[in-house]
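K.L.:
A predicted structure for the sequence below; I have some questions about it.
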Amino acid sequence: MRLISQQVPMNFNLFLFSCTHWGSTFTHESGWSQLVEMINSPYAGLPASANYGVHHGDMLEGREINHPFWSLAGNTKGGVIRQFDESKRRMKPIAKHLITMLQGNHELGLMNRIGDVTAWVAKEIGVLYGTYSAKISFVSKRDGSLLFKHFATHGRKSITSTADDVVRRESNMQLALKRHLKFKAGDCYLMSKGHTHRLFVAEPKPELYLNDDMLRVRQGYTWTPPNAPYIDPGLRWYTNVGAFYRMYGSDVVNYDFEKPDEGAQSSYVETGEYDPAELGFAVVIVRDGSIQKINTVVVD
């Protein structure tokens, strides 16, 4: 884990994303182009200079030929080495907005044989490397005060729910996300992870309580300052930041036995019988130094 300090204005937008999987034919390239355009443009009433970003890992596919998820049809030509340059080319247009890039489990799988690919790409495009997890302290440019802290990780555990009702499924996954993250840091107002390819938010939920002033009973709601040394887990913002990995390929009609990479293909999501998930990313809206909401952006 790496500790990072980032100076920011009191009003800014924080783009959180993950799992671009460059080198896979299932990467949602037009969806990535949508993120690139948005982060380089005015957003939510602020100029592009107020947009920041964190890549949560699985930058590239990184599967070698002996990996069980490797497939001839699912990998672009040129192999893993070519994916390094592809990742650098894809990340460079947003480099000036990035606070850090995290390592994902796909890059971690290459560490012992090739080296730290994420660190290399980050260095090449001039971005701070955050390791597998990072704690980011957002500090006011105005007076140097701490606004809040953010724990970001690629993650390892899956988040699923087999509940029949959509409300129960959503709440089950929100609870799972909170369980995965809440003990990783006690002082973070914002907690995020990638890995699962899920895109959703769990907002803080203040609870009603009663007290008295020795004359009458009064009511209040639980609250902790965003920059406190300990923040109750129920009063934090959590988000699973989505992905750019499609369940199905671009061509689902044609297939040529001699050209298996040019027609219909089957991803590991399909063969693993995973359910479809919304592809996209999250944008944290910070105004007056505090989080107002988190938008989930589903890419086309």
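P.N.:
Thanks, I have it. Numbers count the residues shown, from 1 in each chain.

K.L.:
Do a quick rundown of the strands in this protein.
P.N.:
Secondary structure of the chain by DSSP state E: the strands cover 2-8, 12-17, 51-55, 98-101, 133-140, 146-153, 190-193, 199-202, 208-212, 217-221, 237-241, 280-287, 290-298.

K.L.:
how about these, which one is nearest R168?
P.N.:
Across the strands of the chain, R168 has its closest neighbour in strand 199-202 (13.8 Å, Cβ to Cβ). Any C-beta I mention is one placed from the backbone N, CA and C, and that applies to glycine too.

K.L.:
Give me the helices and strands touching the closest one, please.
P.N.:
helix 166-181, strand 237-241, strand 280-287, strand 290-298 (3 or more Cβ pairs under 8 Å, 6 or more residues apart in numbering; DSSP states H and E).

K.L.:
quick one on the thing from earlier: which stretch among the strands of the chain comes nearest P229?
P.N.:
Comparing the strands of the chain by Cβ to Cβ, strand 146-153 comes nearest, at 9.9 Å.

K.L.:
and the closest one, how far out from the chain's middle?
P.N.:
Centre-to-centre, strand 146-153 and its host chain are 14 Å apart (Cα atoms, centre = their mean, to the nearest Å).

K.L.:
Just the C-alphas of that strand, formatted as PDB.
P.N.:
C-alpha atoms of strand 146-153 as PDB (Å, rounded to 0.1, in the frame of the first residue of the first chain):
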ATOM      1  CA  LEU A 146      -7.200  17.800   5.200                       C
ATOM      2  CA  LEU A 147     -10.600  17.500   3.400                       C
ATOM      3  CA  PHE A 148     -11.000  13.700   3.600                       C
ATOM      4  CA  LYS A 149      -9.100  10.400   2.900                       C
ATOM      5  CA  HIS A 150      -9.800   7.800   0.300                       C
ATOM      6  CA  PHE A 151      -8.900   4.100   0.500                       C
ATOM      7  CA  ALA A 152      -8.600   2.600  -3.000                       C
ATOM      8  CA  THR A 153      -7.800  -1.000  -3.900                       C
END
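
K.L.:
contacting residues around it?
P.N.:
The set of residues external to strand 146-153 that reach it, using Cβ atoms under 8 Å, 6 or more residues apart in numbering, is 8, 10, 14, 16, 54, 56, 100, 102, 130, 132-140, 181, 184-185, 187-194, 226-227, 286, 289-291.

K.L.:
quick one: which of the helices and strands packed on strand 199-202 is nearest Q219?
P.N.:
It's strand 290-298; of the helices and strands packed on strand 199-202, that one is closest to Q219 (Cβ to Cβ) at 23.0 Å.

K.L.:
Tell me how far the nearest residue to N211 once chain neighbours are set aside lies from P206.
P.N.:
In this structure, N211 finds its nearest non-sequential neighbour in R218, 5.9 Å apart by Cβ to Cβ, 6 or more residues apart in numbering. Distance, R218 to P206, by Cβ to Cβ, to the nearest Å: 15 Å.
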